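Undergrad: sequence first, then the predicted structure:
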Amino acid sequence: MATYTITINERTKAGKGLVNYLRYLGVIDEIPNETTRKAMQELEDGKGTVCNTFEEYLEAIR
């Protein structure tokens, strides 16, 4: 049995279709956990922190 790694751009129509098809076949079954889903929702809602430098990032997480 071989393992293949491919990169799919899920932002394109073709990429979304391919990922949906692979999930339908049972090849992909990745479901993000609750923490990941919450973080993704926060980003979609615009609640992320934007930092221009690494120093700004360090200050933001303190």
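TA: Done, it's in.
Undergrad: hmm, who's touching stretch 9-24?
TA: Ile8, Ile28, Asp29 (C-beta atoms under 8 Å, 6 or more residues apart in numbering). Every residue, glycine included, has its C-beta placed from N, CA and C.
Undergrad: at 6 Å what do you get?
TA: Stretch 9-24 is touched from outside by Ile8, Ile28, with contacts defined as C-beta atoms under 6 Å, 6 or more residues apart in numbering.
Undergrad: can you list the buried residues in that stretch?
TA: Leu18, Val19 (16 or more other C-beta atoms under 10 Å).
Undergrad: using PDB, write down the CA coordinates of it.
TA: Provided in PDB are the C-alpha atoms of stretch 9-24 (Å, rounded to 0.1, in the frame of the first residue of the first chain):
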ATOM      1  CA  ASN A   9      -6.500  24.400  -3.400                       C
ATOM      2  CA  GLU A  10      -9.800  24.300  -1.600                       C
ATOM      3  CA  ARG A  11     -10.600  27.900  -2.600                       C
ATOM      4  CA  THR A  12     -11.200  26.900  -6.200                       C
ATOM      5  CA  LYS A  13     -14.400  25.300  -7.500                       C
ATOM      6  CA  ALA A  14     -12.400  22.300  -8.700                       C
ATOM      7  CA  GLY A  15     -10.600  22.000  -5.400                       C
ATOM      8  CA  LYS A  16     -13.800  22.100  -3.400                       C
ATOM      9  CA  GLY A  17     -15.400  19.500  -5.700                       C
ATOM     10  CA  LEU A  18     -12.400  17.200  -5.500                       C
ATOM     11  CA  VAL A  19     -12.300  17.400  -1.700                       C
ATOM     12  CA  ASN A  20     -16.100  16.800  -1.400                       C
ATOM     13  CA  TYR A  21     -15.700  13.800  -3.700                       C
ATOM     14  CA  LEU A  22     -12.900  12.300  -1.700                       C
ATOM     15  CA  ARG A  23     -14.900  12.800   1.500                       C
ATOM     16  CA  TYR A  24     -17.900  11.000  -0.200                       C
END
